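1. model this:
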Amino acid sequence: MAKAIRVHRTGGPEVMELVDVDVGAPGPGEALVRHAAIGVNFIDCYFRSGLYPQPLPGALGMEGAGVVEAVGAGVTHVKAGDRVAYAGRPNGAYAEARVMPADILLKLPDSMSFETGAAMMLQGLTVQYLFRRTAQLKRGDTILFHAAAGGVGLIACQWAKALGVNMIGTVGSEEKAELARAHGCTHVINYNTDNFVERVRDITDGKMVSVVYDSIGKDTFTGSLDCLQPLGLMVSFGNASGPVPDFSLGELSARGSLFITRPTLFAYAAKRADLEAMAADLFEVVSSGAVKIEVHQRYPLADVARAHADLEARRTTGSSVLLP
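-> Coordinates of the predicted model:
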């Protein structure tokens, strides 16, 4: 038996329950992983609230790190005793141990802690595909990145600096602004005191930016479009403030033939070869010290409701992990 979080109805943080589950043995293509640390991400809140539907009762959590205890038939890329980390579906990382598909497991370098592994996979692989594949950023590019002091944002600040990209980041407080600057963000805008569209116009001398990365959704979507230069790319990859409202495609032509995409990590990493290449890029930039993974919040697994409440209230910075 193992402790795990389950939800029997959608709603606020209070719907999450700590229960005993029978873990069982791994079947073909599966592995039994005992977690040492578990990542907490906004997508977990989306499943818990019902914004992203799943069958109920359901599990939560898409990211973790730990040790393989057993593997099923056909699994050869990991074995019992391996240190591993992962990000991907199905949900179920909020647990002391779980049987899961082995094809998303990656060996964690010995130089990296379990907390680093749990905190970096979903967020780090997200930045990897956003910067290296969704838009192939190059030195001298100027971009706008919302929520620059969050877990994804702080990785993005550092990775942008390493690439020579000018990153304009938005944050919700002066404390978060200082944090983003300290991690390499070129310009920081406090959206609670400044109009971010006007500030982007001032910073760029009216040229605006080539790419906007928006994980906020409803509250920032239209303003994000207004920050793009003609032929610019809008990357909407989250809904922290709620789903993006319906809009006419004519809005894109009116602003200068804009492009828009709604990417997901799981589409970019669907093929094992792509996942391995993305992870190798992430491990290299972290191992080099160019990107440091910072865990600023740690919660016992039993205190997961507080972790979600803090995340949704935007009281967190950097990454958050649950400790079984």
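2. Okay, and the most centrally placed residue in the chain sits in which element?
-> By C-alpha atoms, centre = their mean, the chain has its centre lying nearest to Q123, at 3.3 Å. Secondary-structure assignment from DSSP states H and E places Q123 in helix 114-129.
3. so for that helix, what's the average pLDDT?
-> On average, the pLDDT along helix 114-129 is 95.
4. who does the following helix or strand past that helix pair up with?
-> Using DSSP H and E, the next helix or strand after helix 114-129 towards the C-terminus is strand 142-145. If you go by DSSP bridges, strand 142-145 pairs up with strand 166-171 (parallel), strand 209-214 (parallel).
5. Between strand 209-214 and the helix holding Q123, find me the angle.
-> 140 degrees (axes from the mean of the first three to the mean of the last three C-alpha atoms, to 10 degrees).
6. by contact count, what packs against helix 114-129?
-> Secondary-structure packing of helix 114-129 (3 or more C-beta pairs under 8 Å, 6 or more residues apart in numbering; DSSP states H and E): strand 30-40, strand 63-71, strand 83-87, helix 151-163, helix 265-268, helix 272-287, strand 295-300, strand 319-323. C-beta here means a position set from N, CA and C on the backbone, and glycine is covered the same way.
7. and of those, who's closest to H183?
-> H183 lies closest, by C-beta to C-beta, to one member of the helices and strands packed on helix 114-129: helix 151-163, at 3.9 Å.
8. just how off-centre is that closest one within its chain?
-> On the basis of C-alpha atoms, centre = their mean, to the nearest Å, helix 151-163 is displaced by 12 Å from the centre of the chain it belongs to.
9. Ok, stretch 243-254 next?
-> In terms of C-alpha atoms, centre = their mean, the centre of stretch 243-254 is set 25 Å apart from its chain centre.
10. what residues does that stretch touch?
-> If you take C-beta atoms under 8 Å, 6 or more residues apart in numbering as the criterion, stretch 243-254 is touched by 51, 217-218, 221-222, 225, 236, 258-260.
11. Now tabulate those in a markdown table and tack on secondary structure and distance to A305.
-> Shown next, in a markdown table, are the contacts of stretch 243-254 (DSSP: H, G, I helix; E, B strand; the rest coil; distance: C-beta to C-beta, whole Å):
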| residue | secondary structure | distance to A305 |
| --- | --- | --- |
| L51 | coil | 18 |
| G217 | coil | 23 |
| K218 | coil | 24 |
| F221 | helix | 29 |
| T222 | helix | 33 |
| L225 | helix | 36 |
| S236 | strand | 28 |
| L258 | coil | 40 |
| F259 | strand | 39 |
| I260 | strand | 35 |
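12. Now the buried members of these.
-> Buried by 16 or more other C-beta atoms under 10 Å: 217, 221, 225, 236, 258, 260, out of the contacts of stretch 243-254.
13. Surely the last one and G232 touch.
-> Meaning I260. No - contact criterion C-beta atoms under 8 Å: I260 and G232 do not qualify, at 9.6 Å.
14. Next, count neighbours for the residue lying closest to L51 once chain neighbours are set aside.
-> Nearest residue to L51, sequence neighbours excluded (C-beta to C-beta, 6 or more residues apart in numbering): N239, at 6.7 Å. By other C-beta atoms under 10 Å, 20 other residues sit near N239.
15. pLDDT weak spots in the stretch 51-200 of the chain?
-> Within the stretch 51-200 of the chain, no range satisfies pLDDT under 70.
16. Keeping just the C-alphas, turn stretch 312-323 into CSV.
-> Coordinates of each C-alpha in stretch 312-323 appear next as CSV, following Å, rounded to 0.1, in the frame of the first residue of the first chain:
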residue,chain,number,x,y,z
GLU,A,312,-3.4,29.7,-7.4
ALA,A,313,-3.1,32.8,-5.2
ARG,A,314,0.3,33.6,-6.9
ARG,A,315,2.1,33.4,-3.6
THR,A,316,4.8,31.2,-5.0
THR,A,317,8.0,31.9,-6.9
GLY,A,318,10.3,29.4,-8.6
SER,A,319,9.3,25.8,-8.3
SER,A,320,7.2,23.9,-5.7
VAL,A,321,7.6,20.3,-4.7
LEU,A,322,5.7,17.7,-2.6
LEU,A,323,7.7,15.4,-0.4
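17. Next, the distance between the ends of stretch 134-147.
-> End-to-end span of stretch 134-147 (C-alpha to C-alpha, to the nearest Å): 18 Å.
18. One more: stretch 297-306?
-> End-to-end distance for stretch 297-306: 11 Å, by C-alpha to C-alpha.
19. Which segments of the chain make up each domain?
-> 2-121+277-323, 139-262 (automatic domain parsing).
20. Quick check: which of the ones you listed is nearest to Y268?
-> Across the domains of the chain, closest to Y268 is domain 2-121+277-323 (C-beta to C-beta), at 7.1 Å.
21. Can you give the distance of the closest one from its chain's centre?
-> Domain 2-121+277-323 has its C-alpha centroid displaced from the chain centroid by 12 Å (C-alpha atoms, centre = their mean).
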